[in-house]
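Chemist: Quick one, structure for this:
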Amino acid sequence: FENLAFGDAFSGNKHTLSGRYATKNWMIWSNSSIMKSDSELSNSSFARSENRSSYKLGKNWVGATVNLEDNSEKLKTTNTFSALSQRFLEYGAFVGRGDSTKVFVELGFLQRQNDSLQNNRIERVNHSNSYYLKSQLIKTEKSNLSVFLNYRTLKYEDSNLKDAPSLNSRILYSDRFFGQLIQTTTAYETSSGTIAQQEFTYLQVEPGQGVYMWNDYNGNGIQELQEFEIAPYSDLAIYVRVFLPNQVFVRTHQNKFSQALNFNFNQWQNEKGFKKFASHFYNQTSFLIERRIRRDGSNFDLNPFSKNDDELIGLNTNFRNSLFFNRGKQYHSTTYSFLINESQNLINVLFDGNQNLASVESISAKNQSHQVQYQHLVKKSWLFNFSGSTTSTESTSENYPNRNFEIDGYQIEPKIGYLFSKN
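Modeler: The predicted model follows:
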C-alpha cells in the first residue's frame, strides 16, 4: 500500500499485489496494481494486471496469459473524460517444447480488445488476433539460429475502416567454419507499421529570419515544394517551413536483410609457406538492404530484392569491404576499404481521394569511396600515419534535372607522432 498527498492539491492511494508460485510442473506468476487519485483538476483511477501460468511435462509446456489495463480520468470542470482514458483486455494461450534456455519452439495465440474515448464514453474501437512463433532452433558453441514470427489481424468496430493485418518477423543466423577462419552473420527482418503523411508549406518572412530559399528550377513561375532548399546565405533565407495539421497515416511494410562475412587468417600465424603469409591478412565484408513499400491489405512483399517499384516508398543499400594487413600491430599496418551506398528518398508522395498511391517524386543518391590507411611504429616512439581517400557522390532527381549533380573528392592526410615514455 502506498499513499501520496500534497496538502489539499493532490492525494492518491495505490495497492499492489504480486506473487509467484512454482513447483516441479506448475508456475503461476501475477503482478497487479490499483490506484486512485484526487486532484484540483481531475479524479482518476488506474488498474493494471499481468498474469501468466504454465504447466510443464517433460520437455513440453502449455500455458495461458491474461493482461488488462483500465485508465480513466475525469476533468472536474467539464465532468468529461480526458484524452488519456482508455482500457484493454488481452488473453492468450501457448504451447512449447524444448529448453527455453537452449533449443526450443513456442507457439502462441493472443486476443486483445481495445477501448478508447468515443463521444465522452470509453467504448470498444477494435480488437485483434495475434499468432506468434518463438524459437531457438540451433544453439551450439559455434552456431546459432533463432526465428520469431508474429502475424496480427486488427479489426475495427467501424465498418467504414478496413481490417489491418500486419506481419513482424526476425531470423538471425550466425556460424563459424574451419575453426575461426570464416565467421558469418545473417539477419532478416520484416515489420509492419505506419508513417505520417505530413503536409507542409512555405511562408515568406523577412530576409535573414528564414531558413529556406526558392529556386524556380523548371521555370514555370509556380512555387513547388521540391523547389525549396536550405539557403547558403542568411540574406537569401526568406522562407520558413510550416507543417499543416494532419492525422493521416500511411500503412507501410519494411524488409531488412543484412549479411556479414569475416575471414580471419590470423590462426595460421604458426604455419609455414603460403598460410604463414596469409596469416597477416583479415577481411571484413558487410551488406545491408532496407526496402519500404506502401501496404494495402495483406500485400506483404517479403523479398527485399524485389524489382517491383509500384508501391515503393524508400530504398537503401549499403556495401562495405575492408582488407587488413597486420591488423592492430602498428607494423606496416594497412587497411583498404571500399564503400558504396545507394538510396532512394521520397520527397513527395501523393495519394488520391481513396488513399491510393497516385504519384511519387524521389531523389536517388549514390556514394562511393575508396579509403587507404597506413600505420607504422619506429623504435617504439615514432608513429607514422597516412590516410587517403577518393569519393564520388551522385544525385539524380526524376522531376528536376537541374538538381542532378556529381561530385568527386580526393583527400590525403599524412601524420607523424612521437610517443613519450616514462623511461
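Chemist: Show me the shaky parts of the stretch 201-350 of the chain.
Modeler: Low-confidence segments of the stretch 201-350 of the chain (pLDDT under 70): 246-248, 297-298, 346-350.
Chemist: Spell out the residue ranges of the helices in it.
Modeler: Ranges of helices in the stretch 201-350 of the chain, per DSSP state H, counting those that start in this stretch, are 274-278.
Chemist: show me where pLDDT drops low in the stretch 51-200 of the chain?
Modeler: 196-199.
Chemist: That one: strands as residue ranges?
Modeler: Taking DSSP state E, counting those that start in this stretch to define them, one finds strands in the stretch 51-200 of the chain at 60-75, 80-81, 86-98, 104-118, 121-139, 144-156, 164-177, 182-196, 199-204.
Chemist: CA-only coordinates of stretch 195-214 in PDB, if you can.
Modeler: C-alpha atoms of stretch 195-214 as PDB (Å, rounded to 0.1, in the frame of the first residue of the first chain):
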ATOM      1  CA  ILE A 195       4.300   6.700 -41.300                       C
ATOM      2  CA  ALA A 196       2.700  10.100 -41.000                       C
ATOM      3  CA  GLN A 197       1.500  11.600 -44.300                       C
ATOM      4  CA  GLN A 198       2.900  15.000 -43.400                       C
ATOM      5  CA  GLU A 199       1.800  18.100 -45.300                       C
ATOM      6  CA  PHE A 200       3.600  21.400 -45.200                       C
ATOM      7  CA  THR A 201       4.000  24.700 -46.900                       C
ATOM      8  CA  TYR A 202       6.500  27.600 -47.000                       C
ATOM      9  CA  LEU A 203       5.800  31.100 -45.800                       C
ATOM     10  CA  GLN A 204       7.800  34.100 -46.800                       C
ATOM     11  CA  VAL A 205       9.400  36.100 -43.900                       C
ATOM     12  CA  GLU A 206      11.800  39.000 -43.600                       C
ATOM     13  CA  PRO A 207      15.300  38.400 -45.100                       C
ATOM     14  CA  GLY A 208      17.600  36.600 -42.600                       C
ATOM     15  CA  GLN A 209      14.700  35.300 -40.500                       C
ATOM     16  CA  GLY A 210      14.000  32.300 -42.600                       C
ATOM     17  CA  VAL A 211      15.800  29.000 -43.400                       C
ATOM     18  CA  TYR A 212      14.900  28.200 -47.000                       C
ATOM     19  CA  MET A 213      15.200  29.800 -50.400                       C
ATOM     20  CA  TRP A 214      13.200  29.200 -53.600                       C
END
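Chemist: That one: which residues count as buried?
Modeler: 202, 210-214 (16 or more other C-beta atoms under 10 Å). Placement of C-beta: from N, CA and C, glycine included.
Chemist: Report the beta-bridge partners for the residue nearest to I122 when sequence neighbours are not counted.
Modeler: In this structure, I122 finds its nearest non-sequential neighbour in D115, 5.1 Å apart by C-beta to C-beta, 6 or more residues apart in numbering. On the basis of DSSP bridges, D115 is bridged to R87, R124.
Chemist: Give me the number of neighbouring residues for D115.
Modeler: 19 (other C-beta atoms under 10 Å).
Chemist: cool, L84 as well?
Modeler: 12.
Chemist: Return the residues in contact with the residue nearest to I122.
Modeler: 86-88, 122-125 (C-beta atoms under 8 Å, 6 or more residues apart in numbering).
Chemist: Return a PyMOL selection command for the buried portion of the residues you listed.
Modeler: Of the contacts of D115, the buried ones can be selected in PyMOL as follows, counting by 16+ other C-beta under 10 Å:
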select buried, resi 86+87+88+122+125
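Chemist: Each with direction, which strands does the longest strand belonging to the chain pair with?
Modeler: Assignment by DSSP state E gives strand 357-378 as the longest strand of the chain. Sheet pairing of strand 357-378 (DSSP bridges) gives strand 333-351 (antiparallel), strand 382-397 (antiparallel).
Chemist: Packing partners of the helix or strand hosting K36?
Modeler: Using DSSP states H and E, K36 sits in strand 26-39. Counting contacts by 3 or more C-beta pairs under 8 Å, 6 or more residues apart in numbering; DSSP states H and E, strand 26-39 is packed against strand 10-22, strand 42-57.
Chemist: Point to the residue nearest the middle of this structure.
Modeler: S191 (8.9 Å; C-alpha atoms, centre = their mean).
Chemist: what's the burial count for S169?
Modeler: S169 has 19 nearby residues by other C-beta under 10 Å.
Chemist: same question but for L244, I mixed them up
Modeler: For L244, the number of neighbouring residues by other C-beta under 10 Å comes to 8.
Chemist: how near is it to V250?
Modeler: Here the criterion is C-beta to C-beta, to the nearest Å. By it, L244 lies 16 Å from V250.
Chemist: What of R176?
Modeler: 42 Å.
Chemist: try L75
Modeler: L75 is 33 Å from V250, by C-beta to C-beta.
Chemist: between those two, who's got more neighbours?
Modeler: Per other C-beta under 10 Å, whichever of L75 and V250 has more neighbours is V250, with 17 against 13.
Chemist: does the more buried one have beta-bridge partners, and which?
Modeler: Assigned bridge partners for V250, using DSSP bridges, are I195.
Chemist: burial measure for N160, as a count.
Modeler: N160, neighbours per other C-beta under 10 Å, totals 5.
Chemist: So what does it have for phi and psi?
Modeler: When read as degrees, to the nearest 10, the backbone of N160 gives phi -80, psi -10.
Chemist: circling back to that earlier point, okay, the strands of the stretch 51-200 of the chain in a markdown table with distance to L315 next?
Modeler: Formatted as a markdown table, these follow (distance: least, C-beta to C-beta, whole Å):
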| stretch | distance to L315 |
| --- | --- |
| strand 60-75 | 38 |
| strand 80-81 | 44 |
| strand 86-98 | 36 |
| strand 104-118 | 33 |
| strand 121-139 | 28 |
| strand 144-156 | 24 |
| strand 164-177 | 19 |
| strand 182-196 | 15 |
| strand 199-204 | 23 |
